[in-house]
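> Sequence and predicted structure below; questions after.
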Amino acid sequence: MSTLAIRNIGVIFTGDIEKPVVDGPVSILIEDGKIKAVEKGELSAEKAIDAKGMAVCPGFIDSHSHPVFGDFTPRQSQIGFIDSSLHGGVTSMISAGEVHLPGRPTDPKGTKALAVLAHKSFAKQRPAGVKVYGGALILEKGLVEADFKELSEDGVWLVGEIGLGSIKAANEAKEMVEWAKKYGMKVLMHVGGTSVPGSSTVTCDDVLVAKPTVACHLNGGPTSIPVSEAFRVIEKSDCAIEIVHCGNPLTALEIGKFLKDKGMLKRLIIGNDAPSGTGVIPLGMWRMVNFVSALCGIPAEVAVCFATGNTKRTFGLSHGIIQPGDDADLQIIDAPMGSAGKDAKAAIEIGDIPGIAMVLIDGAVKTQVSRNTPPPVRKTA
């Protein structure tokens, strides 16, 4: 049994939208990679990190990524994009489909094989330590219910965003969504205009018929549906509402304000939607958290929930909230040097990306001062 304490924390953004903040000084005790306790004052442990009064929040869960294998993206011919995301506070990524694989198979047997291979590959090897939930089945014509049962038995639990494969019509998708949910899978659905050659435009009505788990990039990926249609998805469905960095910023703003006004912020999750034609954006998750906080007038500690606890609950993960029993996937953050914000909360709320002083996954330090964010005012000890 190994123990680690993070002491002298100024404030914790818990990731839990029901109770999003714990004021310090407070400590987090980690035991064998899990959060054991969150208590006022100091906690004893074999090893300790002094947070020097900085803030701690959960590591970000990127709800929308397009990996292939390892830390390489053929979409942008780039190595190390997952490691760069780690330096942007991302400790886990959810695949919306390994659609960028060159020569991707589109027959039922091939699309199943790709999902199983990607799932098993990322389960066995974590690039840069990041938890990549790979193996999102891309729906193709010819799949039958037995295929979903077989995949579930092999551990596949994600369906890549509907619209990327040959299943495009809502009535065709609906039956497969029902099969997927029957076997415990989470289903993503592309919403908006065509994103890449071979994908399709998906409307509000398509979403309401198919009933996915997540309405992906409701602010466009990158082209959005009309804002009035986005509002209709929100009001007429119960799926999670995702906004992404690689989408339409004006629509994201309107969605954020609408959810806030309707008291529905518990449904909002944030993704990057990279690698994509927009590129690889290592700070995309923080940029979106800052965006909704600063422009929608949402407190920083609540905005953090959209990239952590809300996503945890949507996908049934073991991390995303700073509470006993969760994986110790954490960021230690502070106001960035030169910011008008006096601390992390104030910096986020004026739109400044905080300085990341340390990132931990399962209680192990994966990076200290980020190479991508501005340096934090303080440093850990």
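All right, it came through fine. Residues are numbered from 1 along each chain as shown.

> show me what contacts the closest residue to residue 128 other than its chain neighbours?
Excluding the flanking residues, the one nearest residue 128 by Cβ to Cβ, 6 or more residues apart in numbering is residue 83, at 3.9 Å. (Each C-beta comes from the backbone N, C-alpha and C, glycine too.) Contacts here follow Cβ atoms under 8 Å, 6 or more residues apart in numbering; on that basis residue 83 touches 71, 127-128, 130.

> What about the residues you listed, which one has the most neighbours?
Counting neighbours by other Cβ atoms under 10 Å, the top entry in these is residue 130, with 24 neighbours.

> My guess is that residue contacts residue 90. True?
Yes. Under the criterion of Cβ atoms under 8 Å, residue 130 lies in contact with residue 90, with a separation of 6.5 Å.

> for the helix or strand encompassing residue 332, the distance to its chain's centre please.
Following DSSP states H and E, the helix or strand that holds residue 332 is strand 330-334. Once both centres are worked out by Cα atoms, centre = their mean, to the nearest Å, strand 330-334 turns out to sit 17 Å from its chain's centre.

> Packing partners of that strand?
Using 3 or more Cβ pairs under 8 Å, 6 or more residues apart in numbering; DSSP states H and E, the elements in contact with strand 330-334 are strand 55-58, strand 355-361.

> All the helices of the chain, in order from the start?
Secondary structure of the chain, counting by DSSP state H: helices at 81-86, 108-124, 145-153, 170-182, 204-210, 227-236, 249-262, 284-296, 300-305, 309-315, 344-349.

> To residue 137, which of those helices lies closest?
Using Cβ to Cβ as the measure, helix 108-124 is the one of these that comes nearest residue 137, at 4.3 Å.

> tell me what the closest one is packed against?
Under the contact criterion of 3+ Cβ pairs under 8 Å, 6+ apart, helix 108-124 touches strand 136-137, helix 145-153.

> how about a cut-off of 6 Å?
Contacts of helix 108-124 with other secondary structure elements, assessed using 3 or more Cβ pairs under 6 Å, 6 or more residues apart in numbering; DSSP states H and E, are absent: no helix or strand is involved.

> Can you point out the buried residues in it?
111-112, 114-116, 118-119, 121-122 (16 or more other Cβ atoms under 10 Å).

> okay if I get those residues as CSV plus pLDDT and distance to residue 150?
Conversion of the buried residues of helix 108-124 to CSV gives the following (pLDDT from 0 to 100; distance: Cβ to Cβ, whole Å):
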residue, pLDDT, distance to residue 150
111, 98, 12
112, 98, 7
114, 98, 14
115, 98, 11
116, 98, 9
118, 98, 16
119, 98, 13
121, 98, 18
122, 98, 19
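
> Please report how far residue 244 lies from residue 58.
Taken as Cβ to Cβ, to the nearest Å, the spacing of residue 244 relative to residue 58 amounts to 19 Å.

> again but with residue 103, I slipped
Note on residue 103: its distance to residue 58, by Cβ to Cβ, is 37 Å.

> which of those two has more neighbours?
residue 58 (32 against 6).

> contacting residues around that one?
Residue 58 is in contact with 15, 308, 320, 322, counting by Cβ atoms under 6 Å, 6 or more residues apart in numbering.

> State the phi and psi torsions of the third one.
Right, residue 320. When quoted as degrees, to the nearest 10, the phi and psi of residue 320 stand at phi 130, psi -10.

> and residue 41, how many neighbours does it have?
Neighbours of residue 41 under the rule other Cβ under 10 Å: 10.

> per-residue pLDDT, it?
Predicted confidence (pLDDT) at residue 41: the value is 87.

> where's it relative to residue 266, distance?
31 Å.

> who wins for neighbours among the contacts of residue 58?
residue 308 (35 neighbours).

> how about it, what does it touch?
For residue 308, the contact set (Cβ under 6 Å, 6+ apart) comprises 15, 58, 320.

> Equivalent analysis for residue 333, please.
Applying Cβ under 6 Å, 6+ apart, the residues contacting residue 333 are 55, 344, 354, 356.

> For it, give me the pLDDT.
We note a pLDDT of 98 for residue 333 in this prediction.

> Show me what it bridges to in the sheet.
Judged by DSSP bridges, the bridge partners of residue 333 are residue 55, residue 356.

> The residue nearest the centre of the chain and residue 96: what is the separation?
For the chain, the residue lying nearest the average C-alpha position, counting by Cα atoms, centre = their mean, turns out to be residue 62 (2.1 Å). Separation of residue 62 from residue 96 (Cβ to Cβ): 10 Å.

> Great, nothing more from me.
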